[in-house]
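Undergrad: pasting a predicted model and its sequence here:
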Amino acid sequence: MVGRESDELELSLKTVVCSTGTMPSALGMRYHEIDAALEAAETIPAEDLEVVLYPDWRPGPPPRSKQPDPPGASITLTPAEIISRLRDGMARTGVRVRSIHANRDLGVFLGSRDPRDRRIAAEILEDTIAIAGEVGAGIIVLHAWDGWDRAVDLVHNAVPIIEASRFSQAILTVENIPLSAVGWSQAEAMALLAELLPDSVGFTLDLSWSSMYDNFDVLLELLPRVKNVHVHGRLGSGEGGACLQPRAGNMDIDDAVLRLCQLGYDGQWTLELNRPRSPEGFRRGLKHLQNLILQEDFDIAKQTGGDST
């Protein structure tokens, strides 16, 4: 039987990372300020990150997807400049980049019938894979469709992802983002992608977006290929203290996390904190998520005679 101390050491190594998406907000800065995200990571502190690549940074035409700030409010950054800033920040702070969230414009370009846009989609994929490789990230998060598009052709959209998966060292994962396409449910779209994409391509399960469509039970069918769970929501208070509440819908996020643990999920957990007011919110959110996972794993270990694997 594995002793409790060795169990605790093993379980503490489970990867719980923090998304940089709203980190600058915790310091009163704008979302696209990459140096502010790294400063916030050091302040929290958050040792493991999912770095979000913003459309605002991409040189050339303005973002295709709606952004909070107008075009020109952000500096533009080439992939080489992003790599340089991330490497500098990693060396200075000791943080690790576990995953890269690709530019959310990707879904817009994937869905376009314009050959020029299709080339941009391929470039976004290539750039993201290059950045992941240079900073040691093992997972890439992708949007496979435009969330506002009323007509989506997933067979068409899947082709560049399939091609990119052939040369990516990091695992490509498709996120269950909101879907406006007529005649499709989000769960149906994800199920079709599971058939279209090779097994080497996985999925990122966002709990808030699942809550929006009340489809958690259905999306659990994808669990063998889920490599990353976005624990996405705002920090609230419950009977036992802190809790995480979804951006939309009525999902009990804490219960969903516990259920995933019980079902044997052992991939990456990513805290996506909505509307943080200070670094303290991230500290509380990370601690709460880590405690949930750790406690549930200990309970499972006890039930199986101490073997938590």
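TA: Ah, there it is. Source: prediction; values computed, not measured.

Undergrad: so Asp266: helix, strand or coil?
TA: coil (DSSP: H, G, I helix; E, B strand; the rest coil).

Undergrad: how close does it get to Gln290?
TA: Here the criterion is C-beta to C-beta, to the nearest Å. By it, Asp266 lies 15 Å from Gln290. Every residue, glycine included, has its C-beta placed from N, CA and C.

Undergrad: which of the two has more neighbours?
TA: More crowded of Asp266 and Gln290, by other C-beta atoms under 10 Å: Gln290, with 16 against 13.

Undergrad: what segments of the stretch 101-250 of the chain are helices?
TA: For the stretch 101-250 of the chain, the helices defined by DSSP state H, counting those that start in this stretch occupy 106-111, 115-135, 154-165, 186-196, 207-213, 216-219.

Undergrad: mind checking which of those is nearest Arg225?
TA: Smallest distance to Arg225 across the helices of the stretch 101-250 of the chain (C-beta to C-beta): 6.7 Å, for helix 186-196.

Undergrad: tilt between that closest one and helix 154-165?
TA: Interaxial angle of helix 186-196 relative to helix 154-165 (axes from the mean of the first three to the mean of the last three C-alpha atoms, to 10 degrees): 50 degrees.

Undergrad: can you name every helix or strand that helix 186-196 contacts?
TA: helix 154-165, strand 202-206, helix 207-213, helix 216-219 (3 or more C-beta pairs under 8 Å, 6 or more residues apart in numbering; DSSP states H and E).

Undergrad: for the chain, which spans come out with low pLDDT?
TA: 1-14, 238-240, 296-309 (pLDDT under 70).

Undergrad: which residue is nearest the centroid of it?
TA: His230 (5.2 Å; C-alpha atoms, centre = their mean).

Undergrad: wouldn't that residue be in contact with Ser211 here?
TA: No: between His230 and Ser211 there is no contact under C-beta atoms under 8 Å: 11.3 Å.

Undergrad: picking that back up, I'd like the helices of the stretch 101-250 of the chain as TSV, with distance to Ser65 and mean neighbour count appended.
TA: Below are the helices of the stretch 101-250 of the chain laid out as TSV (distance: least, C-beta to C-beta, whole Å; neighbours: other C-beta atoms under 10 Å):
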stretch	distance to Ser65	mean neighbour count
helix 106-111	6	25
helix 115-135	12	18
helix 154-165	15	18
helix 186-196	18	17
helix 207-213	15	23
helix 216-219	23	16
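
Undergrad: in a markdown table, list the helices and strands packed on helix 186-196 along with distance to Pro68.
TA: Putting the helices and strands packed on helix 186-196 into a markdown table (distance: least, C-beta to C-beta, whole Å) gives the following:
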| stretch | distance to Pro68 |
| --- | --- |
| helix 154-165 | 25 |
| strand 202-206 | 19 |
| helix 207-213 | 18 |
| helix 216-219 | 28 |
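
Undergrad: to Gly89, which of these lies closest?
TA: Here strand 202-206 is closest among the helices and strands packed on helix 186-196 (C-beta to C-beta), at 23.2 Å.

Undergrad: partner strands of that closest one, with direction?
TA: For strand 202-206, the pairing partners within the sheet under DSSP bridges are strand 171-175 (parallel), strand 226-238 (parallel).

Undergrad: and the longest one, what's buried?
TA: The one in question is strand 226-238. By neighbour count on 16 or more other C-beta atoms under 10 Å, the buried set for strand 226-238 is Val226, Lys227, Asn228, Val229, His230, Val231, His232, Gly233, Arg234, Leu235.

Undergrad: same check, this time on stretch 54-72
TA: Tyr54, Pro55, Asp56, Trp57, Arg58, Pro63, Arg64, Ser65, Gln67.

Undergrad: kindly report the same for stretch 253-260.
TA: For stretch 253-260, the neighbour count (16+ other C-beta under 10 Å) marks Ile253, Asp254, Ala256, Val257, Leu258, Leu260 as buried.

Undergrad: how about the helices of the stretch 101-250 of the chain in a markdown table, adding distance to Leu142?
TA: Shown next, in a markdown table, are the helices of the stretch 101-250 of the chain (distance: least, C-beta to C-beta, whole Å):
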| stretch | distance to Leu142 |
| --- | --- |
| helix 106-111 | 6 |
| helix 115-135 | 8 |
| helix 154-165 | 7 |
| helix 186-196 | 10 |
| helix 207-213 | 14 |
| helix 216-219 | 16 |
